[in-house]
Structure formats: C-alpha cells, structure tokens
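> Structure for this input, please:
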Amino acid sequence: MLKIAKYTVYDIARNKIILSYAIFLLVISLSLFMLDNDPSRSLSSLMSVMLIVIPLVGIIFSTIFIYNNSEFIELLVAQPVKRSYILLADYLGVAGSLSLAYLIGMALPVTIYAPGTTGLYLIVTGIALTFIFTSIAFFCAVISRDKARGIGMALLLWFFFSVVYDGLLMGFLFLFNDYPLEKPVLFFTMFNPIDLARITVMMKMDIAALMGYTGAVYRDFFGTSIGMVFTLILLAIWAVIPLIIAVQIFRKKDL
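Have a look, this model is predicted:
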C-alpha cells in the first residue's frame, strides 16, 4: 500500500495544479499579512479563504484525479493486491499531497507571522478539511462511472456544504424564531464540516462575543477543551465515513 501511495505522490508532484495551488495560497497568505499589521485580522481573512478554497480545490482535484487514473487503478486491481489497499493508498497520496501544498502555501506564513493557538487551529482545521473533502471526492468518483456526473455530484456537495446548508439553517431559525433554538443549531452545526471548522477557529479568535446569545452557546461548548476535542473527533469522523463507504463500494464494484 505504501508503494502505491508513494507512486501517487510522485505522480501528483509532477502536476502543475498542485504547484499552482501552493503558490496561490502562499501569495494570498503573504499579501494579507503584509497589508495588515494586525495578525488577528489577517487570520480572520485567511479563514474565509480557507473555508472556500480548500474544500473546492480538494474535492475537484481529487475527483478528477481518480477518473484520470482509472486505467492505472484497473491495472492494479488485476494484480494480487487488495482493492481496499489500492483505494486507501490513492487516498493517502492525494490527501497528503494537497495537505503538503496547504502547509507550504498557508501554514508556513501563519507559523511565521501569527504563531499561537489561533494559528495552530487554523492549520489543523485546514488539513482536516483537505482530508474530509478528498474523502467525499473519492466517494463521488467511486459511486459513478461517468466522469461528468461524478464531478457534478462533487461540486453539488461542495455547494451544499458551503452555501445551501447555511441558507437552510437560517430559514429554520427564521421560521421558528419564537422558540429557543440555540441548542438545536448547535446540533445541526455538527452535520456540516465547514461550519465545524469555522466555529472551531472563531472560538480561538474570540469572535463569539459578537454573535450574541448563540455565540455564547458556541463558546460554552466549542470553547472548552472537551468541546474542542469533540469537534476534532467529529472532523475525523467526517473524513473516515465517506472513505469507508467508498472502499466498501469499490471492493464490490465491477470495473
């Protein structure tokens, strides 16, 4: 499995998209830190960039990679290698390569210009989102043989988590604004990895004080050590579950 993962990393390393992705993040990060003397404001801006760019690049690149390497995967399947090892190796190779590009492009400037707990959580949640949306991309690519349909499904899932989910949540709050909804909103937040990542970083920025009573509820739960550990576990679950489903489908799929 490690040999396949190494080959995947080597293959991706020659891809100009990964290099462009790292350079793009590096330029954005350095620009924000150099244009603003307040590192906290720069981190807030970087968080907004991270929550949009990382899931989008991760899910699109990973989905396209699987389809473009379908012939090589079929060749490996014909060898005496477990199918689960093949998919897991490709997953580790793709997610690892994207994470490395993220570490170079965004985590390195954050470490230099804004060392501390907030910067650390920004780095950790960025890596978590990379693994999560790579996992979702593998799920989409495995369940659909058609490339256009698989990429379309991946984009729809990204759009749902980035835009639609928050809109539905706002509509829910508007319809039932006469009821105490802070705890239900806390519960529904757990079903969106992007919201989980956003709230995790925001709690370390002390922005919750500007969010009213809902922010106080978030701070009381996510702001504690137990809440942070629970959030990281949830993010790990978000990365594992789609991948497990993809592996189970891939093991039985007729290629």
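
> quick one: buried residues of stretch 165-174?
165, 166, 169, 173 (16 or more other Cβ atoms under 10 Å). Yep, even glycine has a C-beta here, placed from its N, CA and C like the rest.

> Out of those residues, which is nearest to residue 205?
residue 166 (18.8 Å; Cβ to Cβ).

> tell me the contacts of the closest one?
192, 195 (Cβ atoms under 8 Å, 6 or more residues apart in numbering).

> Now name the helix or strand holding it.
helix 165-175 (DSSP states H and E).

> Now that helix - C-alpha only, PDB.
Listed next in PDB are the C-alpha coordinates belonging to helix 165-175 (Å, rounded to 0.1, in the frame of the first residue of the first chain):
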ATOM      1  CA  TYR A 165     -26.700  24.300   4.300                       C
ATOM      2  CA  ASP A 166     -26.300  27.700   6.000                       C
ATOM      3  CA  GLY A 167     -29.200  29.000   4.000                       C
ATOM      4  CA  LEU A 168     -31.400  26.200   5.200                       C
ATOM      5  CA  LEU A 169     -30.300  26.800   8.700                       C
ATOM      6  CA  MET A 170     -31.100  30.500   8.500                       C
ATOM      7  CA  GLY A 171     -34.500  29.600   7.100                       C
ATOM      8  CA  PHE A 172     -35.100  27.200  10.100                       C
ATOM      9  CA  LEU A 173     -34.100  30.000  12.500                       C
ATOM     10  CA  PHE A 174     -36.500  32.400  10.800                       C
ATOM     11  CA  LEU A 175     -39.400  30.000  10.800                       C
END
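
> quick one: average confidence on whichever helix or strand comes after it?
Going down the chain from helix 165-175, the next helix or strand is helix 182-189, by DSSP H and E. Mean pLDDT, helix 182-189: 76.

> and the angle for helix 182-189 with helix 165-175?
Interaxial angle, helix 182-189 versus helix 165-175 (axes from the mean of the first three to the mean of the last three Cα atoms, to 10 degrees): 160 degrees.

> and residue 64, how many neighbours does it have?
17 (other Cβ atoms under 10 Å).

> That one touches residue 148, doesn't it?
No: Residue 64 is beyond contact range of residue 148, at 11.1 Å (criterion: Cβ atoms under 8 Å).

> Where does the prediction get shaky in this structure?
Low-confidence segments of the chain (pLDDT under 70): 1-7, 9-11, 13, 177-182, 206-223, 254-255.

> Show me what secondary structure element comes after the longest helix seen in it.
In the chain, taking DSSP state H as the definition, the longest helix is helix 39-68. Next helix or strand after helix 39-68 toward the C-terminus (DSSP H and E): helix 70-77.

> Restricting to C-alpha, output the next helix or strand after that following helix in CSV.
Next helix or strand after helix 70-77 toward the C-terminus (DSSP H and E): helix 83-102. Provided in CSV are the C-alpha atoms of helix 83-102 (Å, rounded to 0.1, in the frame of the first residue of the first chain):
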residue,chain,number,x,y,z
ARG,A,83,-8.8,-3.4,-3.6
SER,A,84,-9.1,-1.7,-0.3
TYR,A,85,-5.3,-1.1,-0.2
ILE,A,86,-5.4,0.4,-3.7
LEU,A,87,-8.1,3.0,-2.8
LEU,A,88,-6.6,3.8,0.6
ALA,A,89,-3.2,4.2,-0.9
ASP,A,90,-4.5,6.6,-3.6
TYR,A,91,-6.5,8.5,-0.9
LEU,A,92,-3.4,8.9,1.3
GLY,A,93,-1.3,10.0,-1.7
VAL,A,94,-3.9,12.6,-2.9
ALA,A,95,-4.8,14.0,0.6
GLY,A,96,-1.2,14.0,1.6
SER,A,97,-0.1,16.0,-1.5
LEU,A,98,-2.9,18.5,-1.1
SER,A,99,-2.0,18.9,2.6
LEU,A,100,1.6,19.4,1.8
ALA,A,101,0.7,22.2,-0.7
TYR,A,102,-1.5,23.7,2.0
